[in-house]
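[1] structure for this input, please:
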Amino acid sequence: MHFVRSFEHDAAAMVSWGVRVLLVTDQNELGVISRRLAALGGKVEVAPELYAALSDLLDDPQSKSLLVLDCDSLAVGGLEAGQRAVQMMGEVAQRIPVILLSADCGEQRFPSDRAAPTVLRAPVSVVSLKVGFEHALRDRLLYQAA
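    Next up, the predicted model:
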């Protein structure tokens, strides 16, 4: 006997409540990535410019819980630019988890090092975004008993 369980592809179960997410992308707050992060429970703030967003984050690292970079929409160089941005963050990258989204990603990466970014292949699916979200915030999420 073969069972198939289908699920809504534009929605996923909420995994957190009120995680403050800074999404750097050229999409607006109604974009696919923003909506999917919000569906996971994130309070999403969209920033269209990388260096302005990094400056704000470095000035007040407590203001956000997660940084998500849509590397393909960045005008400064894709996945490599995202990785350089994480290096520029220095010690702040150890306190704020980072997810990089890029079509240049050959293999998705879920590093054990907390300062290293989680790298997901774009266009990001609901499932990979949920897994990446949970992985990046693995020390910060409180799981509710079923």
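
[2] got the buried residues for the strand or helix carrying residue 51?
    When elements are assigned from DSSP states H and E, residue 51 belongs to helix 50-59. Neighbour-count burial for helix 50-59 flags 50, 53-54, 57 (criterion: 16 or more other CB atoms under 10 Å). Using the backbone N, CA and C atoms, a C-beta is placed for each residue, glycine as well.

[3] and what of stretch 87-94?
    89, 92-93.

[4] save those as a markdown table, and put in distance to residue 109 too.
    Below are the buried residues of stretch 87-94 laid out as a markdown table (distance: CB to CB, whole Å):
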| residue | distance to residue 109 |
| --- | --- |
| 89 | 17 |
| 92 | 20 |
| 93 | 15 |
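
[5] contact partners for the residue lying closest to residue 18 once chain neighbours are set aside?
    Using CB to CB, 6 or more residues apart in numbering and skipping the chain neighbours, the partner closest in space to residue 18 is residue 43 (5.8 Å). By CB atoms under 8 Å, 6 or more residues apart in numbering, residue 43 lies in contact with 18-21.

[6] below-threshold pLDDT in the protein: ranges please.
    Residues of the chain meeting the criterion pLDDT under 70: 1-17, 75-76, 140-146.

[7] helices of that one, residue ranges please.
    For the chain, applying DSSP state H gives helices covering 32-39, 50-59, 78-89, 92-95, 126-136.

[8] quick revisit: closest one of the buried residues of helix 50-59 to residue 102?
    Using CB to CB, residue 50 comes nearest to residue 102 of the buried residues of helix 50-59, at 13.4 Å.

[9] how near is residue 88 to residue 101?
    In this view, residue 88 and residue 101 are 18 Å apart by CB to CB, to the nearest Å.

[10] coming back round to it: helices and strands around the helix holding residue 51, which ones?
    If you count contacts as 3 or more CB pairs under 8 Å, 6 or more residues apart in numbering; DSSP states H and E, helix 50-59 packs onto strand 19-24, strand 66-70, helix 78-89.

[11] no further queries at this time; thank you.
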